[in-house]
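In: Based on what follows, work out the 3D shape:
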Amino acid sequence: MKKMKVAVLLFALAAYCGLSLPASARVKRRGVVKAVRGERASPAGEVVVVLNEEFLNSLLQAVASQPEPPSFPLSKDGGAGGKCASQIQLLSEAAGTRTAMRFSDGRITAPVAFRGSYDAPLVGCLNFEGWADTAFDLEFDESKQALNARINVRELKLKNIPMSLVGPGLTGLVQDAIDSRVNPVEILRAEQLGARLPVTRGKGLRLRARDVRHEVVGSELRLHIIYEIVQE
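Out: Residues are numbered from 1 along each chain as shown. Okay, here's the model as predicted:
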């Protein structure tokens, strides 16, 4: 997900210059936007960027299919020094389930395949394989000019190992590992959301994202980016 790059600059320039846009990018005029101290800001319009499941899944599969997929420790020391290295490793497929994003009921969810080992209380070292039922919550950080996604683990499904054997603690450990090593995931960064405008020297005009809203429609993720033109 961190490798995701979208050519928002082209859409933003089109919104500013009044150019015609393809069906996947639409511009809407907005009302007056409050200016930040020391700046003059005026509304530039709304740009809609559309991403589909196929595009996002190709990126997700590229990450999970690497020769050495990402792995995360389930404890601060990762089980170092012991016989059981408590950790999980992302996979493209496990227990008959493929890692893939799904759009349904207005939400973004994803089964994430993994394998790993866990030093379970009263049981000892367990080598497991399975998948996690996860949800992606998107949020716009205006101060950092970034659109982030937070991955939340809703449930674990382990192959040939009942959850009653490992207890609910494993789900919490997986969530902690994701929070410390992955969350939040930057989907769009500042340089992708904003840009300097090609105007006369000394004007100092730039495009800045004021807000980013999202909606899931069918198999599409639609990002509504509200722009303003800022003169420093």
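In: in this structure, which helix or strand is least confident?
Out: The least trusted helix or strand in the chain, going by mean pLDDT, DSSP states H and E, turns out to be helix 8-17, with a mean of 30.
In: Name all residues that make contact with residue 106.
Out: By CB atoms under 8 Å, 6 or more residues apart in numbering, the residues touching residue 106 are 215, 216. All C-beta atoms are positioned from the backbone trio N, CA, C, and that covers glycine.
In: Please apply the same query to residue 97.
Out: Contacts for residue 97 were tallied using CB under 8 Å, 6+ apart; they are 111, 113, 131, 157.
In: switch to 7 Å and redo it
Out: 111, 113, 131 (CB atoms under 7 Å, 6 or more residues apart in numbering).
In: Give the burial count for residue 113, as a bare number.
Out: 23 (other CB atoms under 10 Å).
In: right, I mislabeled it, should have said residue 150
Out: When neighbours are counted by other CB under 10 Å, residue 150 registers 15.
In: The one 4 residues further on now?
Out: Residue 154: 11 surrounding residues under other CB under 10 Å.
In: all numbers from here: first residue = 2
Out: Will do, 2 is the new start, and the previous item becomes residue 155.
In: Surely it and residue 136 touch.
Out: Yes. Between residue 155 and residue 136 a contact is recorded at 5.9 Å, counting by CB atoms under 7 Å.
In: Next one: residue 43 from residue 110, what distance?
Out: Remark: distance between residue 43 and residue 110 (CB to CB, to the nearest Å) = 39 Å.
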